[in-house]
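Novice: just coords:
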């Protein structure tokens, strides 16, 4: 067995959450890496949809942006931006939305807008919403991928950019959101899923070499642990080879794995 | 009928201090050369509108063109932050920047309402987000037929729309294809418009999925070959991903940014128009 990094385990776990023939609305960064890995391994017919209007894109390399030329050139259909949101996303045609986050709370609400309590004078100005609010609202389900840290996993987000379960159970119904909401949060330590009764995210799976205490130490709320905590299987050799092959196609200087603390915000396009 | 003029003439005729200017192109076909010309002409107090501000607005904000930004995602795609944008918001440099912030779906619908001559658009969006309370021009409405609660967003009606396209013909009909974004809505929502193009040809032939804006729907057409760079024009150029990565270091520092702009933008002249038949 090859050795592998925590980021590789995260991306492989995220890819495994996708099934063949699913339709998947993909943000750039970690979500795009995972979705393209799934397509390169167990889900060759995964339908990738980017907010640039490319439906069924089959890129031969990892795109840097959601609008790289190879997405349009390999797509089954290219539509305008109003059309991708109004005709394709809004009515609930898309199975799964794949999002990143800079901050996230125990109900899976996402902040990609500002760090700091004063919107007008933020400590850190993040990129903002992009397509995420409506992806989070309208996809049949949502998967969130981000690295786990106290900075990111907070009791309360500074700004609700995209709604998970709002204020908890039936929060989505009260708001009239049509999709089922976030079903998994996949991190570099393990997997969190919502409790059926409270919609609070609980730890349901950890990676080999990770302990529950590690995960709790990097979670800003009192994290509950599932009674059926699963030990997730490490990446297989073919999964690792496919992932490394994809990452090798990125331009030099890709910030992946850098120490910049908010680099995950790029996943929220 | 669109007038075919130089890029400098097109910008001088349409973009004035204090205007609301929307320069669109969703990752593909971003009108960078036109943005650089606005910077060179020294425009001030602009309200800049764009779904994804990208490097073009990072440069315009950093050189002091903008008073306000209307947008939905202000990052360097796949790379990280737009540092000139952040410096303006976090530290007010070179000037404070007022924000009007939406989601992509909201912005796309606001353009569509403007193009349709309607005062607002309706979507399912913003519910439960902090954006709804932070942003003027977002309101709840009730469907008169079903009673469903929906979100209304006010129409966008820019003074000027600026886009980049692959081609125009000699009469000023503008044609673009590939990722077509929100440019049609942007041009039709605006009072005046400029299309820069890779080339001006005798006749437009058919291209799969192409959008054609008839000459009478566009104010000015200007040739600006390579005018999307570091964005791209499908069939003419590839996205310069290395430049997007390099921009992170150039833009992080105020002095390095100013030096880069001096060398590459202020000292440069707009691209020379290419005439039909020229190689």
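Specialist: Thanks, I have the structure now. Computed from a predicted structure; not experimentally measured. Numbering: from 1, shown residues only, chains lettered A, B, ... in the order given.
Novice: count of residues packed around residue 69?
Specialist: The chain I'm using is chain A. 21 (other CB atoms under 10 Å in any protein chain shown). C-beta: built from backbone N, CA, C; applies to glycine.
Novice: can you look at chain B instead?
Specialist: Counted with other CB under 10 Å, residue B:69 comes out at 23.
Novice: who's in contact with the closest residue to chain A within chain B?
Specialist: Chain B approaches chain A most closely through residue B:27 (2.4 Å), counting by CB to the nearest CB. Listed by CB atoms under 8 Å, 6 or more residues apart in numbering or on different chains, the contact set of residue B:27 reads A:52, A:65-68, B:52, B:54, B:77, B:179, B:181, B:231, B:239.
Novice: that one looks like it's in a strand, true?
Specialist: No - secondary structure of residue B:27 (DSSP: H, G, I helix; E, B strand; the rest coil): coil, not part of a strand.
Novice: how close does it sit to residue B:99?
Specialist: 21 Å (CB to CB, to the nearest Å).
Novice: cool, and residue B:76?
Specialist: Shown here: residue B:76 relative to residue B:99, a distance of 18 Å by CB to CB.
Novice: the two: which has the busier surroundings?
Specialist: More crowded of residue B:76 and residue B:99, by other CB under 10 Å: residue B:76, with 25 against 18.
Novice: touching, that one and residue B:56? I think so.
Specialist: No - the criterion here is CB atoms under 8 Å, and residue B:76 misses it with residue B:56 at 11.5 Å.
Novice: how many residues are close by residue 188?
Specialist: Since you didn't name a chain, this refers to chain A. 21.
Novice: oops, chain B please
Specialist: 18.
Novice: any idea which element the residue in chain A positioned nearest to chain B lies in?
Specialist: As assessed by CB to the nearest CB, chain B sits closest to residue A:67 within chain A, at 2.4 Å. Following DSSP states H and E, one finds residue A:67 outside all helices and strands.
Novice: how close does it get to residue B:179?
Specialist: 5 Å.
Novice: need the residues touching each of those two.
Specialist: A:52, A:54, B:26-28.
Novice: who wins for most neighbours among those residues?
Specialist: residue A:52 (31 neighbours).
Novice: shouldn't it be within a strand?
Specialist: No - Residue A:52: not assigned to a strand; according to three-state DSSP it is coil.
Novice: just the pLDDT at it, thanks.
Specialist: Looking at residue A:52, its pLDDT is 95.
Novice: what pLDDT does the model give residue B:233?
Specialist: If you check residue B:233, the pLDDT there is 97.
Novice: then residue A:248?
Specialist: Value listed for residue A:248 in the pLDDT field: 89.
Novice: again with residue A:109
Specialist: 98.
Novice: what's the burial count for it?
Specialist: Neighbours around residue A:109, by other CB under 10 Å: 28.
Novice: I'd assumed residue A:158 was in contact with it.
Specialist: No - between residue A:109 and residue A:158 there is no contact under CB under 8 Å: 10.8 Å.
Novice: what does the stretch 151-279 of chain B put close to chain A?
Specialist: B:178-182, B:184-185, B:209, B:232, B:234, B:238-239, B:241-242, B:244-246, B:248 (CB under 8 Å from any CB of the partner chain).
Novice: ok, 7 Å please
Specialist: B:178-182, B:185, B:209, B:232, B:234, B:238-239, B:241-242, B:244-245 (CB under 7 Å from any CB of the partner chain).
Novice: report the buried residues of the least confident helix or strand in chain B by mean pLDDT.
Specialist: Least confident helix or strand, chain B: helix B:131-134 with a mean of 92, by mean pLDDT, DSSP states H and E. Applying a neighbour-count criterion of 16 or more other CB atoms under 10 Å in any protein chain shown, one finds B:131-132, B:134 buried in helix B:131-134.
Novice: name the surrounding residues that touch that helix.
Specialist: A:119, A:129, A:133, A:161, B:101-103, B:126, B:138 (CB atoms under 7 Å, 6 or more residues apart in numbering or on different chains).
Novice: can you pull out the helices in the chain?
Specialist: Because you didn't say which chain, this covers chain A. Secondary structure of chain A, counting by DSSP state H: helices at A:6-16, A:30-40, A:69-74, A:81-83, A:132-138, A:171-175, A:212-217, A:237-247.
Novice: can you look at chain B instead?
Specialist: With DSSP H as the criterion, chain B has helices spanning B:7-14, B:32-40, B:54-62, B:83-91, B:104-116, B:131-134, B:183-189, B:241-252, B:254-261.
Novice: pLDDT score assigned to residue 261?
Specialist: Went with chain A since none was named. 30.
Novice: wrong one, I was asking about chain B
Specialist: 97.
Novice: if we can go back for a sec, for the buried residues of helix B:131-134, give me a markdown table that also has distance to residue A:22.
Specialist: Listed next are those as a markdown table, based on distance: CB to CB, whole Å:
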| residue | distance to residue A:22 |
| --- | --- |
| B:131 | 28 |
| B:132 | 30 |
| B:134 | 34 |
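Novice: wait, which of these is closest to residue B:161?
Specialist: residue B:131 (24.2 Å; CB to CB).
Novice: any idea how far the closest one lies from residue A:132?
Specialist: Taking CB to CB, one finds residue B:131 at 11 Å from residue A:132.
Novice: residues shared between the contacts of those two?
Specialist: Taking CB under 7 Å, 6+ apart as the contact rule, residue B:131 and residue A:132 both touch residue A:161.
Novice: lowest pLDDT pick from the residues of the stretch 151-279 of chain B next to chain A?
Specialist: Lowest pLDDT within these is found at residue B:209 (88).
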